[in-house]
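Trainee: here are the coordinates; sequence isn't available:
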């Protein structure tokens, strides 16, 4: 008897068809991943006979996690495979099949840090689909026009942005802004703010030993600097931006710099892009002070098989397919998603499309993890308290020192005797 396969995906419902296995996959779309995923599933169908239907999911990772948790808590057997943000494994591990045995022949190909991030109590919760670390995008034509070097520190970025903005506005270019990033109060702001704070030497909010570390002079200095951008080199509207809003401004030609994930590169270089051929990318700038360094938040997506699936064998087969070198290479070429297989960083086809992959390899190896491991099930609350405090600090409703001092008290109460 033919069964139906449903894929949960942010976007339009597509391809509801009859086919030979009942697999349902949840995934949220950002920047055109739906189209790429459809191609993957056409290949999967050719190899296995299984079809895939895409059902909308919210693009916000915060909203996605909330929906996932509802389904999993209800032991929903209508979804077989989930695409999981790298931080969700410690929180949702109990709901997923251990993939260690099924992947034993291929797991060694992937970055050990990625595999470790998806391992909870010696159980491999999910397999890598792609890894992620953000980059600084810049308008190479504007930096060349004003003979400015690519900034290596946030302070240099601010100075360069001010100079170019002043000159461009004198010439009548009033739409241009200096920098766009993810300033909305959601998980994206946690990523951005962790980078700012860590780049100044201010730690990781909660350290690996569980200590709440966020209230320190370096963290205050970082948020003070960013607060100074708002309304000057960054638009007021950035406080409502997620990834796509930031990309929209930059890709339309109206920003000099952008902090965003790698997916935005191919889209910016598309034939119909106003900034095609005018984009440069480098690792994110350093902060200021003796502890300054470049910091990039570890991101990425992984595929996990639900314990409540009625078709675990087929779902594991799909998970292995999506984690394969073949699919990771396609993701790299078509979406500029970073692979978790090191050999692909020397692949000539990949580098022809994304030559910046090679220098980003060290960034990926040294990326900054959000504190989901030490805070475990309380991570989402920790992150929410953090992004709320950060936005209050950069929108001016509180001083950075006041916001972080109150956050420290809140997080220690949330921690209690232990996480």
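Mentor: Done, it's in. Here the structure is a predicted model, which means the values were calculated and not measured.
Trainee: contacts, neighbours, all on C-alpha from now
Mentor: Will do.
Trainee: any idea how far residue 373 lies from residue 382?
Mentor: 12 Å (CA to CA, to the nearest Å).
Trainee: In the stretch 301-419 of the chain, mark out all the helices, start to finish.
Mentor: For the stretch 301-419 of the chain, the helices defined by DSSP state H, counting those that start in this stretch cover 312-322, 325-335, 348-353, 357-365, 372-375, 379-394, 400-415.
Trainee: Quick one: the ones you listed as TSV, columns for mean neighbour count too.
Mentor: Output for the helices of the stretch 301-419 of the chain, formatted as TSV (neighbours: other CA atoms under 10 Å):
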stretch	mean neighbour count
helix 312-322	20
helix 325-335	20
helix 348-353	15
helix 357-365	17
helix 372-375	22
helix 379-394	21
helix 400-415	18
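Trainee: So which of those is nearest residue 47?
Mentor: Checking the helices of the stretch 301-419 of the chain against residue 47 by CA to CA gives helix 312-322 as the closest, at 10.0 Å.
Trainee: and that closest one, how far out from the chain's middle?
Mentor: 24 Å (CA atoms, centre = their mean, to the nearest Å).
Trainee: If I take it and helix 325-335, what angle do their directions form?
Mentor: Relative orientation of helix 312-322 and helix 325-335, computed by axes from the mean of the first three to the mean of the last three CA atoms, to 10 degrees: 50 degrees.
Trainee: neighbouring contacts of helix 312-322?
Mentor: With contact meaning CA atoms under 8 Å, 6 or more residues apart in numbering, helix 312-322 is reached by 21, 23, 40, 44, 80-81, 99, 102-103, 127, 129, 303-306, 327-328.
Trainee: Flag the shaky bits of the stretch 1-150 of the chain, pLDDT-wise.
Mentor: 1-19, 30-31, 55 (pLDDT under 70).
Trainee: Spatially nearest residue to residue 134 (excluding sequence neighbours)?
Mentor: residue 261 (4.2 Å; CA to CA, 6 or more residues apart in numbering).
Trainee: residues near residue 397, how many?
Mentor: Using other CA atoms under 10 Å, the number of residues around residue 397 comes to 12.
Trainee: Oh, that last question was meant for residue 307, not what I typed.
Mentor: The burial count for residue 307: 21, using other CA under 10 Å.
Trainee: Residue 388 versus that one, what's the distance?
Mentor: Residue 307 is 34 Å from residue 388, by CA to CA.
Trainee: Could you report the separation of the closest residue to residue 181 other than its chain neighbours from residue 41?
Mentor: Closest residue to residue 181 apart from its sequence neighbours, by CA to CA, 6+ apart: residue 259 at 5.1 Å. For residue 259, the distance to residue 41 (CA to CA) stands at 31 Å.
Trainee: Mind checking which of those two has more residues around it?
Mentor: residue 259 (23 against 20).
Trainee: Run through the neighbouring helices and strands of the helix or strand harbouring that one.
Mentor: Following DSSP states H and E, one finds residue 259 within strand 255-260. For strand 255-260, the elements it packs on are strand 135-139, strand 177-180, helix 243-251, judged by 3 or more CA pairs under 8 Å, 6 or more residues apart in numbering; DSSP states H and E.
Trainee: any idea how far the second one is from the chain center?
Mentor: Computed by CA atoms, centre = their mean, the separation of strand 177-180 from the middle of its chain amounts to 20 Å.
Trainee: That's all I had, so thanks and see you.
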